[in-house]
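Engineer: need a structure here:
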Amino acid sequence: MNKIKKSDQEWRDQLDEETYRVTRQQGTEYPGTGKYLHHNEKGQYECICCGQVLFESGQKFDSHCGWPSFDDCIEGTVDYKKDHSHGMTRIEIVCSQCDSHLGHVFDDGPTESGKRYCVNSVSLSFSGEESEK
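Structural biologist: Next up is the predicted model:
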């Protein structure tokens, strides 16, 4: 797979200020504010920066943590990096195609995977399933 590489200025031109802050500077949106937190439509969640499909709606669950949570990702779409910021060690998740910061993954999920992918809504876009006619 070819990584998407853009200059800092190209990312700034493509993204609004908040999306740039979160996805390119490893920021975090305020808990409880994301547009996908209580979103329950069927479909796919994609990387806002490059469009790669990352999560299926069936992987989403309500973790009551303040951010959209998923119990798994689509295989090969997320890379994992150690994050030592804020005085703790966590695992950062980034889009495998463009290195966009998505959030963090934790080993406290309630489903069989045991994972909780805690994702910033601003890092995502959504494509709903088309209804059959």
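Engineer: Show residues contacting the helix or strand hosting Glu92.
Structural biologist: If you go by DSSP states H and E, Glu92 is part of strand 90-95. With contacts defined as C-beta atoms under 8 Å, 6 or more residues apart in numbering, strand 90-95 is touched by 26, 47, 49-50, 52, 54, 73, 77-83, 100-106, 117, 119. C-beta here means a position set from N, CA and C on the backbone, and glycine is covered the same way.
Engineer: please redo it, this time with the cut-off set to 6 Å
Structural biologist: 47, 52, 78-81, 83, 101-105 (C-beta atoms under 6 Å, 6 or more residues apart in numbering).
Engineer: Can you tell me which of the residues you listed has the largest number of neighbours?
Structural biologist: Leu102 (29 neighbours; other C-beta atoms under 10 Å).
Engineer: my read: it touches Ser121, true?
Structural biologist: No - using C-beta atoms under 6 Å as the test, Leu102 is too far from Ser121 to be in contact (10.4 Å).
Engineer: for stretch 116-123, how far is the first residue from the last?
Structural biologist: 16 Å (C-alpha to C-alpha, to the nearest Å).
Engineer: any idea how far Glu129 is from the residue nearest the centre of the chain?
Structural biologist: Closest to where the C-alpha atoms of the chain average out (C-alpha atoms, centre = their mean) is Leu102, at 3.5 Å. Counting by C-beta to C-beta, to the nearest Å, the gap from Leu102 to Glu129 is 22 Å.
Engineer: Repeat that for Asp71.
Structural biologist: 19 Å.
Engineer: Now do the contacts for the nearest residue to Thr77 once chain neighbours are set aside.
Structural biologist: Using C-beta to C-beta, 6 or more residues apart in numbering and skipping the chain neighbours, the partner closest in space to Thr77 is Leu54 (4.8 Å). By C-beta under 6 Å, 6+ apart, the contact set of Leu54 is 45, 47, 73, 77.
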